[in-house]
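Trainee: Coordinates for the following, if possible.
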Amino acid sequence: MAEVEALWRQGYRFSSYRSRPGAEPLPAMPKEVPGFLRRNPDHPMRLKSTREAAGRKRDEPAGRR
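Mentor: All right, here's what the predicted structure looks like:
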């Protein structure tokens, strides 16, 4: 369950893959999560606002980009 919580906190949501052909499957093991996150910043199951926040510098305000 640790992998589910880690993905949820990073903005990933869980739904059917039928509408997302070619998307890398979500990791099944906790040790796979860090690599999956690095490879998939724009994964279709990740919330858009979370993707945008991940692209900003930590000290950069949300309104500036």
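Trainee: Give me the below-cutoff pLDDT ranges for the chain.
Mentor: Within the chain, the stretches with pLDDT under 70 are 1, 16-17, 50-65.
Trainee: Could you rerun that using 50?
Mentor: 58, 65 (pLDDT under 50).
Trainee: For it, which segments count as helices?
Mentor: Here the chain has its helices, by DSSP state H, at 2-9, 33-39, 48-55.
Trainee: Residue 19: which of these is closest?
Mentor: When these are compared by C-beta to C-beta, helix 48-55 sits nearest residue 19, at 15.8 Å. To be clear about C-beta, it is placed using only N, CA and C from the backbone, and glycine gets the same treatment.
Trainee: circling back: distance to residue 25 and mean neighbour count added to the helices of the chain, as JSON lines?
Mentor: Supplementary listing: those in JSON lines, determined by distance: least, C-beta to C-beta, whole Å; neighbours: other C-beta atoms under 10 Å:
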{"stretch": "helix 2-9", "distance to residue 25": "12", "mean neighbour count": "14"}
{"stretch": "helix 33-39", "distance to residue 25": "9", "mean neighbour count": "14"}
{"stretch": "helix 48-55", "distance to residue 25": "18", "mean neighbour count": "12"}
